[in-house]
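> Make a model of this:
(one chain, ligands or ions: 1)
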Amino acid sequence: MAAKSGIKEIAGAAGQVLNLIAAPRYGGHLRPRQKTNVQTRNLINGEWRDAPSGATFEVTNPATDEVIAKVPNGGAEQAKAAIAAARAALPGWRALPAAERAAPLARLADLMLEQREALATLLTREQGKPLAESRGEISYAASFITWAAEEAKRVYGETVPSSRPDQRILVLRQPVGVVAAITPWNFPSAMITRKLGPALAAGCTMIVKPAEQTPLSAFAIAELALQAGIPAGVLNIITGDAAAIGQVIFADPTVRKVSFTGSTEVGQKLMVAAAANVVRLSLELGGHAPFLVFDDANIDAAVSGAIKSKFRNAGQTCVCPNRFFVQAGVYDEFVAKLAAALEPMQIGSGLDEGVSVGPLIDDAAVAKVRDHIDDARSHGATLRLGGKIFSPAAGLTERFCQPTVLENVNTSMKVSHEETFGPVAPVRRFTHEAEAIELANDSPYGLASYFYTRDNARLWRVAEALEYGIVGANDGGPSTAQAPFGGVKMSGIGREGGRYVMHEYLDIKYVSIGL
Ligand code: NAP
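Modelled structure (predicted):
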């Protein structure tokens, strides 16, 4: 078994059970202590298994480098076993009435909310984001399961008027079959449940390959799925060599659909791999969101929207603004208020109350953010705030980036073209609306975009002109289970959430009935 790149492979078994005790006190109230046991093995056919070789890799806390667990470093064999389990479970699961699939899914969402504190603590330990954000992610993650469980009961077919008197046309929507999900580290729970909820609700069975940095949140969801009564084989979780697992997934014709969230670069590779068996794909890829502030905007609302959208998860979100364009009349006010609001933000371990900026995920992320700041400055950008990557306290790693504001930004800089994935706001001045729209659309990406205005006509004009799958018009946090989430251009294909969510996991069948 080849060692996974960038992570330490360790001989010996995984399989310890993590007893995760949630912090008993938060929000000024004493809450009951919650406890969830998390297996650190792969879930295949309802059993917790090690890699056949026994190899493991370490999961660490990015804030401290503490080793939290060792998990199986699997590969092709794990993937084959998981696909076989999902194939065997498919006929029974698919045949259940929608309400009977919805019931354990609804229980899973309830269990996640009951265990929210423990799940959030685990998420912060392996991913780094502040505990308050992790609590929010668990609720958000559960909401996708609840939404899909409800939508399962509304998968309607159609009858269509025929042009022949002796024919009736019937349109059925049926589960695509075995589905594989490949997910990233930045939202370790929500990126799984946005796929798991609708796939299982539709009657598909599933294999999930979480990111190497954050497999524990996936194991925790799987544990709760078993407790909720999701049958063996319906949900399988495997960890290890991504390329080897991917190869098996795309080579086996049993897998009829792959849903991927991650970088555009890997998404492109998966599109090529999918060609062999013409596998259906959903791709939620990278973004490069613009954030426009017009002269007529409510500047305080724009500043708070900017903080919410840009600095959540230390800037490591696919929808976070990467380019701020501010109209000349309010430029000075916006930048001054943004810098003033960012300065007091507490940087530290996400487990400490009051912290609002946690660590970057790993050293590669640190190198990229540092490179983007240095590159911008070497091309003439000026530092209005921050710019330092450091260790904020004894025992913490040097992966903490100060909230950073760069001015005098131009298109020669990397920050203008590439996802920075850090708490860095590059700001540029514009004069006219048409110029702002042109600057905003000058990107191969098309995931999220934001703008602030109090002019109603402009609100409609700009919302329609932005070439993005998501537009936050006077809203820095548009993501919700009720709405379709996804991108255009190089940001992907398909939508998660809203009434469109089930489409991703259903095939359309046309039945022509001769009379
Ligand atoms: P990534 O490097 O593309 O990895 C994503 C997943 O793909 C991981 O599970 C990874 O496994 C796996 N993978 C890597 N190479 C593979 C291969 N050859 N075959 C099969 N699987 C492979 O992305 P990331 O760094 O985890 O996440 C950050 C990116 O995700 C950003 O670009 C962000 O914008 C994007 N994102 C998009 C959305 C959206 O909804 N549009 C949401 C969140 C994040 P390993 O971890 O084991 O390598």
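
> The most centrally placed residue in the chain and the ligand: what is the separation?
Against the mean C-alpha coordinate of the chain, by CA atoms, centre = their mean, the closest residue is residue 191 at 3.9 Å. For residue 191, the distance to the ligand equals 6 Å [CB to the nearest ligand atom, to the nearest Å]. The way it works is simple: take the backbone N, C-alpha and C, and place the C-beta from them, glycine included.

> Tell me the residues on the stretch 101-250 of the chain that lie near the ligand, please.
Residues of the stretch 101-250 of the chain lying close to the ligand (CB under 6 Å from any ligand atom) are 182-187, 191, 209, 211-212, 242-243, 246.

> hmm, 5 Å instead?
182, 184-185, 211-212, 242-243, 246 (CB under 5 Å from any ligand atom).

> what would the residues you listed look like in TSV with secondary structure and distance to residue 435?
Output for those, formatted as TSV (DSSP: H, G, I helix; E, B strand; the rest coil; distance: CB to CB, whole Å):
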residue	secondary structure	distance to residue 435
182	strand	39
184	coil	34
185	coil	37
211	coil	39
212	coil	43
242	helix	42
243	helix	44
246	helix	42
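
> Pick the one among the residues you listed closest to residue 440.
residue 184 (24.8 Å; CB to CB).

> isn't residue 505 right up against residue 174?
No. Proximity of residue 505 to residue 174 does not meet the contact threshold set by CB atoms under 8 Å, at 10.0 Å.

> which one of these two has more residues nearby?
Comparing residue 505 with residue 174 by other CB atoms under 10 Å, the one with more neighbours is residue 505, at 29 against 15.

> dump the residue contacts of the residue in the stretch 251-400 of the chain that the ligand sits nearest to.
Nearest to the ligand, among the residues of the stretch 251-400 of the chain, is residue 262, at 2.7 Å (CB to the nearest ligand atom). Applying CB atoms under 8 Å, 6 or more residues apart in numbering to residue 262 gives the contacts 182-184, 211, 284-285.

> repeat that for 7 Å
When contacts are counted by CB atoms under 7 Å, 6 or more residues apart in numbering, residue 262 touches 182, 184, 285.

> Tell me the most packed of those, by neighbour count.
Busiest of the contacts of residue 262 [other CB under 10 Å] is residue 285, holding 26 neighbours.

> Which of the three states applies to residue 109?
Secondary structure state of residue 109, per DSSP: H, G, I helix; E, B strand; the rest coil, is helix.

> who are the neighbours in contact with it?
Contact partners of residue 109, counting by CB under 7 Å, 6+ apart, are 142, 145-146, 149.

> Which of these has the largest number of neighbours?
Highest neighbour count within the contacts of residue 109: residue 145, with 30 neighbours (other CB under 10 Å).

> next SSE after the one helix or strand residue 335 maps to?
Per DSSP states H and E: residue 335 is located in helix 328-342. Once the chain leaves helix 328-342, the next helix or strand it forms, by DSSP H and E, is helix 363-378.

> Mind exporting the C-alpha coordinates of that next one to PDB?
This file holds the C-alpha atoms of helix 363-378, laid out as PDB (Å, rounded to 0.1, in the frame of the first residue of the first chain):
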ATOM      1  CA  ASP A 363       1.300  23.900   5.800                       C
ATOM      2  CA  ALA A 364       0.400  23.800   2.100                       C
ATOM      3  CA  ALA A 365      -2.400  26.300   2.800                       C
ATOM      4  CA  VAL A 366      -0.100  28.500   4.800                       C
ATOM      5  CA  ALA A 367       2.400  28.500   1.900                       C
ATOM      6  CA  LYS A 368      -0.300  29.500  -0.600                       C
ATOM      7  CA  VAL A 369      -1.700  32.300   1.500                       C
ATOM      8  CA  ARG A 370       1.800  33.700   2.200                       C
ATOM      9  CA  ASP A 371       2.600  33.500  -1.500                       C
ATOM     10  CA  HIS A 372      -0.600  35.400  -2.400                       C
ATOM     11  CA  ILE A 373       0.100  38.200   0.100                       C
ATOM     12  CA  ASP A 374       3.800  38.500  -1.000                       C
ATOM     13  CA  ASP A 375       2.900  38.400  -4.700                       C
ATOM     14  CA  ALA A 376       0.300  41.100  -4.300                       C
ATOM     15  CA  ARG A 377       2.800  43.300  -2.400                       C
ATOM     16  CA  SER A 378       5.500  42.800  -4.900                       C
END
